[in-house]
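[1] when you get a sec, could you give me coordinates for this:
(chains A and B)
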Amino acid sequence: MTALQIIFLIAAAATLISGLMVVTARNLVHAALWLIAALFSVAILFVLLEAGFLAAVQVVLYIGAIAILIIFAIMLTRRVMQDTGPQTNQQWWVGAIIAVALFAALFVVLQQVVYPEVTTAIPPDSLKALGNSFVDPNQYMLPFELASVLLLAAMIGAIAVAGDKK
Amino acid sequence: MIPLSWYLTLAAALFCVGLYGVLARKNAVAILMGIELMLNAVNINLVAFWHYLTPAVSSGQMFAIVVFAVAAAEAAVGLALIISIYRRRQSVVAEEMDLMKW
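    Presented below is the predicted three-dimensional model:
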């Protein structure tokens, strides 16, 4: 057990336990806070995978924007008696069976795959190459611009749907 | 050295946890939180494959960044819809949204 493997096991356990608390928490604000913990553990996993830029984007974008937006939505849609009573619907056992069966099937498939050997190392200027690939017309400039247009459309749509109609 | 299969198994487990959250929760915002967990599991998979199979090409990280952008857009529009539904029906329980127009 190397040190990296121990760190991976701690981060993986934190991710899975936080995820389980998200889907089983009775109080919705607690579920949102557990979601922040799960997203932070995923950022630790990105650091282990030597994708530092993605770890920073995960913290800033997912935790700093999406999780905060979810907390806003929870606060704006509360009723007084909403946190009492069961938080799962009547078919929760079907959902549990499906989730466990899917994980069992994926686990069996993952055990049988022959994994290729790691041959190349990460080049030292991979972040610079990623930045170049955003604006290079032969690489990923078109998906970059499309993502910008998608975000603009989502912003206009959200304002149109949720804005005050006065 | 962490084997690739550990990352893939973790991503599969996180995906199944998110799937249970989507299928079993009543509140619409809680369903959206399950969807975010599933998208994070997909991102772990993408970055793990980039790291272990093709680290010299930036396609893997680019794919993950596009997934980030799409997840942000979808969370914004989904939460706007939930807020709009709450203004009309005073409820965000997914089972009670059973009419197309009233």
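
[2] buried residues in the least confident helix or strand in chain B by mean pLDDT?
    Comparing every helix and strand of chain B by mean pLDDT, DSSP states H and E singles out helix B:59-89 as the least confident one, with a mean of 91. For helix B:59-89, burial by neighbour count (16 or more other Cβ atoms under 10 Å in any protein chain shown) applies to B:60-69, B:71-86. Placement of C-beta: from N, CA and C, glycine included.

[3] so what touches stretch A:147-163?
    The set of residues external to stretch A:147-163 that reach it, using Cβ atoms under 8 Å, 6 or more residues apart in numbering or on different chains, is B:65-66, B:69-70, B:72-74, B:76-77, B:79-81, B:83-84.

[4] ok, A:Ile7 - contacts?
    Remark: with contacts taken as Cβ under 8 Å, 6+ apart, A:Ile7 is in contact with A:44, A:48.

[5] measure B:Leu32 to chain A for me?
    Using Cβ to the nearest Cβ, to the nearest Å, we find B:Leu32 at a distance of 7 Å from chain A.

[6] tell me how far that residue lies from A:Val60.
    Summarising the geometry, the distance separating B:Leu32 from A:Val60, computed by Cβ to Cβ, to the nearest Å, is 20 Å.

[7] of the two, which one has the most company?
    Neighbour totals were compared for B:Leu32 and A:Val60, and B:Leu32 leads with 23 against 11 (other Cβ atoms under 10 Å in any protein chain shown).

[8] buried residues in stretch A:159-166?
    Under 16+ other Cβ under 10 Å, the buried positions of stretch A:159-166 are A:161-162.

[9] ok, back up a step: for the least confident helix or strand of chain B, packing partners?
    Where contact means 3 or more Cβ pairs under 8 Å, 6 or more residues apart in numbering or on different chains; DSSP states H and E, helix B:59-89 is packed against helix A:52-57, helix A:68-76, helix A:126-135, helix A:141-162, helix B:28-52.

[10] after the second one, next one along is what?
    Per DSSP states H and E, the first helix or strand lying C-terminal to helix A:68-76 is helix A:92-112.

[11] and that following helix with helix B:28-52, angle?
    Going by axes from the mean of the first three to the mean of the last three Cα atoms, to 10 degrees, helix A:92-112 is angled at 0 degrees with respect to helix B:28-52.

[12] anything in helix A:92-112 near chain B?
    Yes - judged by Cβ under 8 Å from any Cβ of the partner chain, helix A:92-112 and chain B are in contact via A:92, A:94-96, A:98-100, A:102-103, A:106-107, A:110-111.

[13] can you say which of those residues are buried?
    Neighbour-count burial (16+ other Cβ under 10 Å) is assigned, among the residues of helix A:92-112 next to chain B, to A:92, A:95-96, A:99, A:103, A:106-107, A:110.

[14] give me the lowest-pLDDT entry from those residues.
    For these, the model is least confident at A:Trp92; its pLDDT is 88.

[15] that older thread, mind putting the helices and strands packed on helix B:59-89 into TSV with mean pLDDT and distance to A:Ser41?
    Formatted as TSV, the entries for the helices and strands packed on helix B:59-89 read as follows, by pLDDT from 0 to 100; distance: least, Cβ to Cβ, whole Å:
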stretch	mean pLDDT	distance to A:Ser41
helix A:52-57	93	11
helix A:68-76	91	17
helix A:126-135	87	23
helix A:141-162	93	25
helix B:28-52	94	9
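
[16] A:Leu35 is nearest to which of the ones you listed?
    Proximity to A:Leu35, assessed across the helices and strands packed on helix B:59-89 by Cβ to Cβ, is greatest for helix B:28-52 (5.3 Å).
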